[in-house]
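**Q** need a 3D model of the sequence below.
(one chain, ligands or ions: 1)
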Amino acid sequence: MLFKWRLLKTSLKIRFNEGIEISYRETRIILDPSKFNSKCKLALLTHAHRDHSKGYVEYSSGFATDQTLDLLSLYTGRRKTVKSGKVRIGEKLKIDDLEISVHDAGHILGSVMFHIATSEYSILYTGDLNCVETLISKPAEEVPCETLIIDSTFGYPYFRFPGRDKLYSDIISWVIDVIRRGYTPVLHADSIGNAQELIALLNKFTKIPVVTHPRISEVNEIYIQYGFKLDYLNYNSEDGFESVKSGLCVYIAPKNVNVSLGKPTVKALASGWALTFGNGFPLSDHADYPNLINYVANVKPKRVYTYPDGYSSRVLAGRIEKVLNIPARSIGDISPFL
Ligand SMILES: [Zn+2]
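**A** Numbering: from 1, shown residues only. Reported below is the predicted structural model:
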């Protein structure tokens, strides 16, 4: 179906330029900037993952959650995050004539969505979102809006993740089987989010010691600081090293790290990308295709932009138009300041 893509009947405008730029009257702000944009007076950050947070500390004015700033400081150093303002889920901000409310995105610790409204129009920017409950997160809030800008990382129909119950039981069974066969199970996962979900899972259903790579251990400490109970050993500690030496443990490492423990290991990936690469478990902190379509249906936007730009976002936009009959475009396909 072909839609006529009309200009918005509002002066609230969107542009994709090193982040999502929002313009209303004299106010320009940027969401999840990848670089500094001198035209924007203020930046908003949804979460700490580097593909969203790379340019944030370049801004002298901005808002993010406490949790996001703590995680971000692992990359940037504490000094660079101190000038940021802080927001909490449920809070409202007023920036000139823009009213901005902050909602849970269900993705990683501290991740939020921003709902940006004027007296005449509203935009919801989801950042990365997850729509299912996990051991460490709640589902993304469904926030009605007129324009929705939605994450499309797993936006094509191939990406359908099993439910958490099946994933959790598959991972636990695999870990027990690998240990029974005399190997050490090694799970590769995102350092922020997936790794902590794995620890919580192993803690809940087994008594097997969990040893984590030092980079993940740093993140674990921030989750613990915010009340999560994670029982783990840092590989760089004496107990962690001894546990690995005994062979009776699970080792969790970042995705891109080559692990050599001096013991026979069996490795698996815990990530949505396991559906593509095989040899693993599609445990994701992103929504899959059916959940993205459901989310769009439930927040009832008049139009949708899919983000970030790429093959997946074009496919998702096409599917939203076809399945839901709602006009949709990949954010990279819109003209400046629609
Ligand atoms: Zn993310």
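**Q** in the stretch 101-250 of the chain, what residue comes closest to the ion?
**A** Here the stretch 101-250 of the chain gets closest to the ion at one residue, D128, 3.6 Å apart by C-beta to the ion. For glycine as for every other residue, the C-beta is placed from the backbone atoms N, C-alpha and C.
**Q** so that residue sits in a helix?
**A** No - applying DSSP: H, G, I helix; E, B strand; the rest coil, one finds D128 to be coil, outside a helix.
**Q** check contacts around the residue nearest to P157 when sequence neighbours are not counted.
**A** Using C-beta to C-beta, 6 or more residues apart in numbering and skipping residues adjacent in sequence, the residue nearest P157 is Y289, 5.1 Å away. By C-beta atoms under 8 Å, 6 or more residues apart in numbering, the residues touching Y289 are 154-160, 316, 319.
**Q** returning to what we had before: can you give me the distance of the residue of the stretch 101-250 of the chain closest to the ion to D51?
**A** 9 Å (C-beta to C-beta, to the nearest Å).
**Q** and the two? which has more neighbours close in?
**A** Neighbour count, other C-beta atoms under 10 Å: between D128 and D51, D128 has more, with 26 against 11.
**Q** now that one: how far from V82?
**A** From D128 to V82 the distance is 25 Å (C-beta to C-beta).
**Q** I20 too?
**A** Taking C-beta to C-beta as the measure, I20 falls 25 Å from V82.
**Q** more neighbours, the two?
**A** Higher neighbour count among I20 and V82: I20, with 25 against 10, using other C-beta under 10 Å.
**Q** who is the more buried one paired with across the strands?
**A** Beta bridges link I20 to F16, L31, judged by DSSP bridges.
**Q** just checking, it touches T126?
**A** No - contact criterion C-beta atoms under 8 Å: I20 and T126 do not qualify, at 10.7 Å.
**Q** show me the shaky parts of this protein.
**A** Across the chain, the ranges flagged by pLDDT under 70 are 1-10, 335-338.
**Q** longest helix of it, counting residues only.
**A** Longest helix in the chain, counting residues (DSSP state H): helix 164-180.
**Q** any idea how far that helix is from the middle of the chain?
**A** A distance of 24 Å separates the centroid of the chain from that of helix 164-180, by C-alpha atoms, centre = their mean, to the nearest Å.
**Q** what comes up buried for that helix?
**A** 167-168, 171-172, 174-175, 178-179 (16 or more other C-beta atoms under 10 Å).
**Q** beyond it, next helix or strand please.
**A** Using DSSP states H and E, the helix or strand that follows helix 164-180 in sequence is strand 184-189.
**Q** what does that following strand contact?
**A** Outside strand 184-189, the residues that touch it by C-beta under 8 Å, 6+ apart are 171, 174-175, 178-179, 195, 198, 244, 247, 249-255, 257, 259, 261, 263-271, 280, 283.
**Q** and the chain, which of its residues are near the ion?
**A** Residues of the chain lying close to the ion (C-beta under 5 Å from the ion) are 49, 128.
**Q** may I see the domains of the chain written out as residue ranges?
**A** In the domain annotation for the chain, the residue ranges read 13-159+286-333, 164-281 (automatic domain parsing).
**Q** kindly compare burial across the ones you listed and name the winner.
**A** Each of the domains of the chain was given a mean neighbour count from mean count of other C-beta atoms under 10 Å, and the largest, a mean of 20, is that of domain 13-159+286-333.
**Q** how far off centre is it?
**A** Counting by C-alpha atoms, centre = their mean, domain 13-159+286-333 comes out at 10 Å from the chain centroid.
**Q** can you give me the first-to-last residue distance of it?
**A** The straight-line separation of the ends of domain 13-159+286-333 (C-alpha to C-alpha, to the nearest Å) is 15 Å.
**Q** other residues contacting the host helix or strand of L93?
**A** In the assignment (DSSP H and E), L93 maps to strand 92-95. By C-beta under 8 Å, 6+ apart, the residues outside strand 92-95 that reach it are 27, 29, 42, 63, 87, 99-102.
**Q** any chance of the residues you listed in a markdown table, plus distance to K204?
**A** Output for those, formatted as a markdown table (distance: C-beta to C-beta, whole Å):
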| residue | distance to K204 |
| --- | --- |
| T27 | 46 |
| I29 | 41 |
| L42 | 41 |
| F63 | 34 |
| V87 | 31 |
| E99 | 40 |
| I100 | 36 |
| S101 | 33 |
| V102 | 29 |
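**Q** those into TSV, with extra columns for secondary structure?
**A** Shown next, in TSV, are those (three-state DSSP):
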residue	secondary structure
T27	strand
I29	strand
L42	strand
F63	strand
V87	strand
E99	strand
I100	strand
S101	strand
V102	strand
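**Q** what is the nearest of those to C145?
**A** Taking C-beta to C-beta as the measure, C145 lies nearest S101 of the contacts of strand 92-95, at 10.6 Å.
**Q** and the closest one, how close does it get to K54?
**A** Counting by C-beta to C-beta, the gap from S101 to K54 is 25 Å.
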